[in-house]
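> Just the structure for this:
(chains A and B)
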Amino acid sequence: MVINYLEVGIFALVAVAFVAITLAIGSLLRPKNPYANKLAPYECGEIPVGDGQVRFHIRYYIFALVFLVFDVEIIFLYPWAVVLEQLGLFGLVEMLIFLGLLVVGLVYAWRKKVLRWV
Amino acid sequence: MAVTGMNFTLLLPELILVATGILLVLLDLFTEQKRVLVYAGLAGVLASLLALIPGFGTTASIWADMIQVDSLAGFFKIVFLAVTALALLVSLEYVERRQIQAGEFYALLIFATVGMFLMASSLNLLVIYLGLELVAIASYALVGLLKQDGRSVEASIKYLLVSSATSAVFLFGISLVYGTTGSLALPQIAQALAAGAASQPVLFAGMLFLLAGLAFKVAAFPFHMWAPDTYEGSPTPISAFLITGAEAAGFAALLRVFLVGLPGLADAWTTIFAALSVLTMTYGNVTAISQTKIKRLMAYSAIAQAGYVLVGLAVATGQGTAAMLYYLLVYAFMTVGAFAVIILVANSGAGEEISDFRGLSQRSPFFAWALVIYFLSLIGIPPTAGFFGKLNLFSAAIAADMTWLAVVMVINSVISAPYYFKVIRTMFLEEAAEAEPVRAPASLTWATAITLVVTILLGLVPDQVYSWVRLVAGAL
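A predicted model of the protein is given here:
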């Protein structure tokens, strides 16, 4: 029984070693030429303003939550779209039910004025 | 595709409940008449109950063996639906008075019921866990719905923290059992145990984790510390719902996991359950004596009652299981009934102290006498249903050569009498500050009448129901 976990152990060691070795080789080989602009954090091309460690408005949380649901929904849609032909009508109806349930959530958030920025 | 393999008829009760929950969410958004939600919820519960009929008596494993439809699942589903229907009834006035968000309240109540259904109707550890989480996540929100009340929020956070930790413990137990037996399905686990896996110490540890995880859910000593605060702080109908419904679901999972999955380790876990049972009932009863708040008293009484029910697992016989089932059924009705009276008193403007029950016998004789019946039943005095429930557990313990456990049970019943009688004395012998009659809404009267009739009937003519639970227990 224990011997079965040996593979897992070896795999874990290899995984850790792989990252460490790659990083070490990289730092040895790559040219080093740091300057102020290059070390600044990347903010989608904007010039960074203020500190990175600021408090976010709590309202972002609810937006992120609503966004996340539909973000994950898209991920589910991809494999479904690939096999839709084999699933046939059943697959279509099932996915529509799933989407319908998510829409209920959106309608709820909407009617409860969660999406309004105060 | 796999459409033919999915038996929708057998899953109809669950599907109806899910649809009802979603309907309640939508109804809440488009109507100001929040009472409609209760009526729609009751209709959904009734429809779900009717949908149980076609699957009655059949034993089937559906949805790739993830869902088990059998008589035990059927029994528990009836208990859950009864509890939910009664919880909806007693909530009607309470939700309006406390200005609780009605849509969230009723919809979450229904979704929690779906979770209980899953807990009782699966032989797969992961699906049982899924049901457990569904109940828990719905309950966290339900417990904290009195947002202006600090105690309610505290109760919610406490419940969230403890329950998440115990869910992790339960999951870890599942992983250990899976690691040693190679299966999540309880029958296969039992086979692996019979084939010799039972001697592994890792499996034993897994069993302990499963036991601890579920013991938290039924609030057994020493895993009870969240229960009094949670049951005291949460909205009163939710206390009733959790104490009866969620605990019954916990016991359903315990029965499945230990009797079906781990009979190979019965020597070990019967001893543990016997110890837990004695500790739980004694702790609950002794602590309840000094309580001055009625909801805390009921919380400790619930811990004590969970101790009685654990006797059925300690004996691990068919008779013990039948006694457990009977007691859980009886317990659901008498406890929700008692909470209906507590809600009535709280709604009338008085608080939730025991002293607020002063003179209830004059202010509302019907409800005062109803509470007397529920309390007599909780103590276990004939001819109430609680007496037969305890008698069954008692004889199951004696039949299994655990007379000492039966003796402890009787001693505990005696210890429990004073704190129930304290409330009865307050109602009948102390004068009320105001003698005005209490106005009883129809919903509370109905809930009290139904629970009262069942509590008395199950005590007077228990044979029919008892022979049914014997059958259910025998099929496990």
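
> Please make it C-alpha for all contacts and neighbour counts, starting now.
Will do.

> Buried residues, the helix or strand harbouring residue B:208. List them.
For residue B:208, the enclosing helix or strand under DSSP states H and E is helix B:201-217. Across helix B:201-217, burial judged by 16 or more other C-alpha atoms under 10 Å in any protein chain shown covers B:202-204, B:206-217.

> Please name every helix or strand in contact with it.
If you count contacts as 3 or more C-alpha pairs under 8 Å, 6 or more residues apart in numbering or on different chains; DSSP states H and E, helix B:201-217 packs onto helix B:150-181, helix B:247-255.

> How many neighbouring residues does residue B:348 have?
12 (other C-alpha atoms under 10 Å in any protein chain shown).

> what's the nearest residue to it if we skip its chain neighbours?
By the measure of C-alpha to C-alpha, 6 or more residues apart in numbering or on different chains, the closest residue to residue B:348 outside its immediate chain neighbours is residue B:438, 6.3 Å from it.

> Quick check: the one you found touching residue B:363?
Yes - between residue B:438 and residue B:363 there is a contact under C-alpha atoms under 8 Å: 5.5 Å.

> for the longest helix anywhere in chain A, what is the average pLDDT?
For chain A, the helix with the greatest residue count under DSSP state H is helix A:59-111. Average pLDDT, helix A:59-111: 90.

> other SSEs contacting it?
Partner elements for helix A:59-111 (3+ C-alpha pairs under 8 Å, 6+ apart): helix B:8-30.

> again, only using 7 Å
Packed against helix A:59-111, as judged by 3 or more C-alpha pairs under 7 Å, 6 or more residues apart in numbering or on different chains; DSSP states H and E, are no other helices or strands.

> buried set for stretch B:387-405?
Residues B:387-398, B:402, B:405 are the ones in stretch B:387-405 that count as buried (16+ other C-alpha under 10 Å).

> Quick one: distance of it to the chain centre.
With C-alpha atoms, centre = their mean, to the nearest Å as the basis, the distance from the averaged C-alpha position of stretch B:387-405 to the chain average is 21 Å.

> low pLDDT regions in chain B?
Along chain B, segments meeting pLDDT under 70 span B:1-6.

> Now do the strands in it.
Taking DSSP state E as the criterion, chain B carries its strands at B:60-62, B:67-69.

> any idea which of these is most buried?
For the strands of chain B, ranked by mean neighbour count under the definition mean count of other C-alpha atoms under 10 Å in any protein chain shown, the leader is strand B:67-69 at a mean of 23.

> helices and strands around that one, which ones?
strand B:60-62.

> Direction included, what does the strand it packs on pair against?
Strand B:60-62 sits in its sheet next to strand B:67-69 (antiparallel), going by DSSP bridges.

> hmm, who's touching the partner strand?
With contact meaning C-alpha atoms under 7 Å, 6 or more residues apart in numbering or on different chains, strand B:67-69 is reached by B:59, B:60, B:61, B:62, B:121, B:122, B:123.

> now do 6 Å
Applying C-alpha atoms under 6 Å, 6 or more residues apart in numbering or on different chains, the contact partners of strand B:67-69 are B:59, B:60, B:61, B:121, B:122.

> of all the residues you listed, which comes closest to residue B:308?
The closest of the contacts of strand B:67-69 to residue B:308 turns out to be residue B:121 (C-alpha to C-alpha; 23.7 Å).

> ok, the closest one touching residue B:74?
No - with contacts counted by C-alpha atoms under 6 Å, residue B:121 stays clear of residue B:74, the gap being 8.2 Å.

> Can you report how many residues neighbour the closest residue to residue B:259 other than its chain neighbours?
Nearest residue to residue B:259 in three dimensions, chain neighbours excluded: residue B:316, at 7.4 Å (C-alpha to C-alpha, 6+ apart). Taking other C-alpha under 10 Å as the neighbour definition, residue B:316 ends up with a count of 23.

> buried stuff in stretch B:374-382?
Using 16+ other C-alpha under 10 Å, the residues of stretch B:374-382 that count as buried are B:374, B:375, B:376, B:377, B:378, B:379, B:380, B:381.

> Could you provide those residues in TSV, with additional columns for distance to chain A?
Compiled in TSV, the buried residues of stretch B:374-382 are given as follows (distance: C-alpha to the nearest C-alpha, whole Å):
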residue	distance to chain A
B:374	40
B:375	42
B:376	45
B:377	43
B:378	42
B:379	46
B:380	47
B:381	49
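
> Nearest to residue B:352 among these?
Ranking those by separation from residue B:352, with C-alpha to C-alpha as the measure, puts residue B:375 on top at 17.0 Å.

> mind checking how far the closest one is from residue B:323?
Taking C-alpha to C-alpha, to the nearest Å as the measure, residue B:375 falls 20 Å from residue B:323.

> Which residue does the stretch 301-450 of chain B have closest to chain A?
Each residue of the stretch 301-450 of chain B has a distance to chain A, by C-alpha to the nearest C-alpha, and the smallest belongs to residue B:347, at 27.9 Å.

> ok, the residue nearest to that residue when sequence neighbours are not counted - how many residues close by?
Using C-alpha to C-alpha, 6+ apart and skipping residues adjacent in sequence, the residue nearest residue B:347 is residue B:94, 6.7 Å away. As a burial measure, residue B:94 scores 19 neighbours (other C-alpha under 10 Å).

> The one 3 residues further on too?
Per other C-alpha under 10 Å, the neighbour tally for residue B:97 reads 10.

> For the stretch 151-300 of chain B, what lies in contact range of chain A?
If contact is defined as C-alpha under 6 Å from any C-alpha of the partner chain, none of the residues of the stretch 151-300 of chain B are in contact with chain A.

> on that earlier part again, ramachandran coordinates for the residue nearest to residue B:348?
Geometry field for residue B:438 lists phi and psi as phi -80, psi 130, criterion degrees, to the nearest 10.

> And it, how far from residue B:58?
Taking C-alpha to C-alpha as the measure, residue B:438 falls 48 Å from residue B:58.

> just to revisit the earlier point, the longest helix of chain A vs helix B:8-30, what angle?
For helix A:59-111 against helix B:8-30, the angle by axes from the mean of the first three to the mean of the last three C-alpha atoms, to 10 degrees is 100 degrees.

> Please state the offset of helix A:59-111 from the chain centre?
Centre to centre, stretch against its chain (C-alpha atoms, centre = their mean), the figure for helix A:59-111 is 16 Å.

> same check, this time on stretch B:94-107
Distance of stretch B:94-107 from its chain centroid, counting by C-alpha atoms, centre = their mean, is 21 Å.

> Okay, buried residues for that stretch please.
Across stretch B:94-107, burial judged by 16+ other C-alpha under 10 Å covers B:94, B:95, B:100, B:102, B:103, B:104, B:105, B:106, B:107.

> Could you do stretch B:249-268 as well?
For stretch B:249-268, the buried set under the neighbour-count rule, 16+ other C-alpha under 10 Å, comprises B:249-266.

> which residues sit in contact with residue B:177?
Going by C-alpha under 6 Å, 6+ apart, residue B:177 touches B:203, B:206.

> now residue B:380: how far from residue B:417?
Taking C-alpha to C-alpha as the measure, residue B:380 falls 9 Å from residue B:417.

> Next: residue B:356.
To residue B:417, residue B:356 is 20 Å away according to C-alpha to C-alpha.

> again, but for residue B:55
42 Å.

> Kindly report the same for residue B:181.
Taking C-alpha to C-alpha as the measure, residue B:181 falls 46 Å from residue B:417.

> Same question for residue B:376.
8 Å.

> same thing with residue B:382?
Applying C-alpha to C-alpha, the value for residue B:382 to residue B:417 is 14 Å.

> repeat for residue B:286
If you go by C-alpha to C-alpha, the gap between residue B:286 and residue B:417 works out to 11 Å.
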